[in-house]
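Undergrad: Pasting the sequence and the predicted model now:
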Amino acid sequence: MKPRRFACVIAIVLAYTVLATQSFACTAFQLTSGDGSKIYFRSMEFGFPFHSNVLIIPRGAQYTGATPDGKPGLKWIAKYGAVGLNAEVAPNCITDGMNEKGLVVGMLYLPGYGQFLLPDPSKDDRTIGGWQAAAYLLTTVATVEEAKQVLTSEKVYIAQQIFPPFKAQLPVHFYIGDASGAVVIAEYVNGKLNLHDDPLGVLTNSPPFNWQMTNLSNYVNLSPVNVPELNLANNVDIQNFGQGSGMLGIPGDYTPPSRFVRVALFSHWVSAGKTVSETVNAGFHVLNTFDIFKGAVRSSKTSGSEMDVTEWAVAHDRTNLKTYVRTYGGLTIQMVDLKKIDFDQPGFRQIALDNTFTPADITSRATALAVK
């Protein structure tokens, strides 16, 4: 197959103020089904519509990295095909995806902390922009260990630079997981790469990962088990008001630290299911607890201010190579089977997502009920 050129250059007309007023409340975690399948889940929150579709990246696609000085950066050819979520304003780039080897990469916002490597013109020939890192990893590596080796090698240099469409830096960190269930978080903070093995398999946004893990110690008292009644002096018994007393005090707001605590606990407590289908279903129920509806999170009190919403939620079955997506408007779970995709077919393709609310009419299903 003749390689097709793919430059991850985005034609978006957006002002810097659009980026500055967003809060990007993404949440990621993983579950293991009863048959051992590893499934990654992630929500995408943003302050304006992505109108995302499923992007198919073929083997042999050619990439050219971006550099701070505008010269051509690293050139590479896709070794692996991949599937991911794009945006109408950035149709050839992905923020979250899985390749044909079961590697997943999620790009999550890290405001106030994310800072890539210092620009170095002598390294232009191996430089890429942070927004290109997900595509680079998905098309060139198959495992978490390979990703670690590449990121710490001289093969690629992710330089701090202006993201042209937003006219601003793009501070992000990366959730990287493979078919074995291994997960590593890659964060560039103060111009230095930090790799954190993630045994919990969870991630949100700022502060960085190590702070979030330390913060979990503030919630060691939480449990899914209801607490017993409290016996006080003079035979006074204090009863629970109802179910959920074991989780009394769990942070319920939308901030990244609160979401990190909840996703770490919920993904540990959830009954994942014996089968993949049951586990995907369970994972989407967990994601529902992080769902942001229009109006709940706003950039300011000003009328017409930007509002975060859960644009979409995705599940990548890294074992069986299936991607599941639901959108804010559609709610129906839609599935893409990577094993049925011809990744040797040249050219980028996309699959339109259903983003309309269409309840199923079950009126005609009525059947007679035998009453004894």
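TA: Right, received. Where do you want to start? Numbers count the residues shown, from 1 in each chain.
Undergrad: Centroid-wise, who is the farthest residue in this structure?
TA: In the chain, the residue that sits farthest from the middle, by Cα atoms, centre = their mean, is N234; the gap is 53.5 Å.
Undergrad: what about that residue, which SS state?
TA: helix (DSSP: H, G, I helix; E, B strand; the rest coil).
Undergrad: which residues touch G112?
TA: G112 is in contact with 171, 206-207, counting by Cβ atoms under 8 Å, 6 or more residues apart in numbering. From N, CA and C alone the C-beta is placed, and that goes for glycine too.
Undergrad: at 7 Å instead, please
TA: S206 (Cβ atoms under 7 Å, 6 or more residues apart in numbering).
Undergrad: tell me the SS of it?
TA: At G112 the chain is in coil, as set by three-state DSSP.
Undergrad: lowest confidence element among the helices and strands of this protein?
TA: For the chain, the helix or strand with the lowest mean confidence is helix 16-20, at a mean of 38 (criterion: mean pLDDT, DSSP states H and E).
Undergrad: next one: phi and psi at W269?
TA: For W269, the backbone dihedrals (degrees, to the nearest 10) come out as phi -90, psi -30.
Undergrad: Now that it has come up, it's in contact with S223, right?
TA: No. Counting by Cβ atoms under 7 Å, W269 stays clear of S223, with 8.6 Å between them.
Undergrad: which ones are touching L222?
TA: 246-247, 249-250, 265.
Undergrad: go again using 10 Å as the cut-off
TA: 216, 246-251, 261-262, 265, 269 (Cβ atoms under 10 Å, 6 or more residues apart in numbering).
Undergrad: Most neighbours among these, which one?
TA: Highest neighbour count within those, by other Cβ atoms under 10 Å: R262, with 24 neighbours.
Undergrad: I'd like the distance between that one and T204.
TA: From R262 over to T204 the distance is 9 Å, taken as Cβ to Cβ, to the nearest Å.
Undergrad: same thing with E187?
TA: 12 Å.
Undergrad: ok, back up a step: list residues touching both of W269 and S223?
TA: In contact with both W269 and S223: 246-247, using Cβ under 10 Å, 6+ apart.
Undergrad: Of all pairs in the contacts of L222, which one is the farthest apart?
TA: Within the contacts of L222, L216 and L248 form the most distant pair, 17.0 Å apart (Cβ to Cβ).
Undergrad: helix or strand for the residue nearest to N53 when sequence neighbours are not counted, which one?
TA: Nearest non-adjacent residue to N53, counting by Cβ to Cβ, 6 or more residues apart in numbering: Q350, 4.4 Å away. Assigned by DSSP states H and E, Q350 belongs to strand 349-351.
Undergrad: low pLDDT regions in the stretch 251-372 of the chain?
TA: By pLDDT under 70, the low-scoring segments of the stretch 251-372 of the chain are 301-305.
Undergrad: again, only using 90
TA: Low-confidence segments of the stretch 251-372 of the chain (pLDDT under 90): 293-309, 330, 371-372.
Undergrad: which residues in it form strands?
TA: Under the criterion DSSP state E, counting those that start in this stretch, the stretch 251-372 of the chain contains strands at 297-298, 307-317, 322-327, 334-337, 349-351.
Undergrad: for the last one, the distance to its chain's centre please.
TA: Same thing as strand 349-351. Centroid separation for strand 349-351 versus its chain: 20 Å, with Cα atoms, centre = their mean, to the nearest Å.
Undergrad: start at 663 instead
TA: Got it, first residue is 663 now, which makes that one strand 1011-1013.
Undergrad: helices or strands up against it?
TA: strand 716-719, strand 744-747 (3 or more Cβ pairs under 10 Å, 6 or more residues apart in numbering; DSSP states H and E).
Undergrad: could you give the mean pLDDT of the first one?
TA: When you say that, I think you mean strand 716-719. Strand 716-719 shows a mean pLDDT of 96.
Undergrad: likewise stretch 877-893?
TA: 92.
Undergrad: Go ahead and measure how far that stretch is from the middle of the chain.
TA: When C-alpha coordinates are averaged (Cα atoms, centre = their mean), stretch 877-893 and its chain have centres 29 Å apart.
Undergrad: Same check on stretch 818-829?
TA: Offset of stretch 818-829 from its chain centre (Cα atoms, centre = their mean): 20 Å.
Undergrad: In it, which residues are buried?
TA: 818-823, 825, 827-828 (16 or more other Cβ atoms under 10 Å).
Undergrad: which residues of the stretch 713-862 of the chain fall in helices?
TA: Remark: helices assigned in the stretch 713-862 of the chain by DSSP state H, counting those that start in this stretch are 795-802, 806-813.
Undergrad: what's near enough to touch the residue nearest to N888 when sequence neighbours are not counted?
TA: Spatial nearest neighbour of N888, excluding adjacent residues (Cβ to Cβ, 6+ apart): S907 at 4.8 Å. S907 makes contact with 885, 887-891, 901 under the criterion Cβ under 10 Å, 6+ apart.
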